[in-house]
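Asks: just need the structure, nothing else, for what follows:
(chains A, B, C and D)
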2 protein chains.
Amino acid sequence: MTNATSFIERLEGAGLRVTDQRRAVAALIAGHPGHFTEAELEREVQRSGSRIGRATLFRALELFAQLGVVERLDLPSGEHAYVRCEPSHHHHVICLRCGRTVEVEGCGMPELIREVAARTGFQVERHRLELYGICPTCREEIA
Amino acid sequence: MTNATSFIERLEGAGLRVTDQRRAVAALIAGHPGHFTEAELEREVQRSGSRIGRATLFRALELFAQLGVVERLDLPSGEHAYVRCEPSHHHHVICLRCGRTVEVEGCGMPELIREVAARTGFQVERHRLELYGICPTCREEIA
DNA sequence: GGGCTTGCTGAGACTGAGTATCATCATCGC
DNA sequence: GCGATGATGATACTCAGTCTCAGCAAGCCC
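Replies: This is a model prediction of the structure:
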């Protein structure tokens, strides 16, 4: 489980400073079950009583993204969002109804990439795969 | 091959008006080998001597995207771009060096989606897959 | 061809995400 | 505790994308 402490450890491991602001952002992200936008995070920061500048929030998100503990998503609406995640290769399945996000590892992409490479002559270096659907909880609620 | 004429046919088929502006945008898109941003298209419109408002350009892109002859991409940089494409299900392989875009059909995703659904309990409704790499031409140039 | 309806256009104001700047502050190694 | 330097935040700014609304023109009907 990714928690605020592991965020801090990552900061220390990279030789970066551990500030109150980063601690607060880490705690908020760690407490988030699904994805969130920068605007949402900003509101939560205010609600929690912390006083963190917008620029700092953006910087913290970018930083955590570089450290691999947070990933940036592009929602179908075109909005940018973030999810906390394990720093290993994986993909996200995002619930279109409640926004809950689940990580899927071992995605079976390597064969697909080999096939695409063979067919197009491209040397495929990276890919982005996002799956959207309805989570089990929401499916029950709808039914 | 997708050309400007097929864009127009799609408009007519959908009962939409065929205007000079839409014709001009269709011609520019049809002449584009790779992806392009709205800003790039805007510059080309000006260079070609047409006089099309920005709002109209956005509307035309959105329209063609709805008609399935253009697709919206999210580049790794976070920028939004568009590519012209066939209106069937497929994915794009994008060259990180020259921007050329190639469509890949029959992507082998169904099995992957079934597996993810089985593992997470999600009912997967749609997905977004984009592959980034180096195209054959660029590979030769680098070598 | 002429008139009419209605969808389309464009200028410009607006919004909101994200960035740049820079003086001030706080962390952390010594 | 001290100092170097990385981090912060207020503010101004840029730029993509949207909204509005008066005027225009495509295409239908006669």
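Asks: for residue A:15, what are its contacts?
Replies: Taking C-beta atoms under 8 Å, 6 or more residues apart in numbering or on different chains, we find residue A:15 in contact with no residue. Any C-beta I mention is one placed from the backbone N, CA and C, and that applies to glycine too.
Asks: pLDDT score for it?
Replies: Per-residue pLDDT puts residue A:15 at 90.
Asks: what's the spacing between it and chain B?
Replies: Per C-beta to the nearest C-beta, to the nearest Å, residue A:15 is found 26 Å from chain B.
Asks: that residue in helix, strand or coil?
Replies: Here residue A:15 is coil, with the state taken from DSSP: H, G, I helix; E, B strand; the rest coil.
Asks: show me chain A divided up by domain.
Replies: The record assigns chain A these domain ranges, following automatic domain parsing: A:1-87, A:88-143.
Asks: out of those, flag the one nearest residue B:24.
Replies: domain A:1-87 (24.7 Å; C-beta to C-beta).
Asks: re the thing from before, compare the mean pLDDT across the domains of chain A and name the weakest.
Replies: domain A:88-143 (a mean of 84).
Asks: do you know which of the domains of chain A lies nearest DNA strand C?
Replies: Closest approach to DNA strand C among the domains of chain A is made by domain A:1-87 (3.5 Å; C-beta to the nearest atom of the strand).
Asks: near DNA strand D at all, that closest one?
Replies: Yes: interface with DNA strand D: domain A:1-87 contributes A:16-17, A:19, A:21-22, A:51-56, A:59-60, A:78 (C-beta under 7 Å from any atom of the strand).
Asks: picking up where we left off before, columns distance to residue B:85 on top of the domains of chain A, output as a markdown table?
Replies: Formatted as a markdown table, the domains of chain A follow (distance: least, C-beta to C-beta, whole Å):
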| stretch | distance to residue B:85 |
| --- | --- |
| domain A:1-87 | 17 |
| domain A:88-143 | 15 |
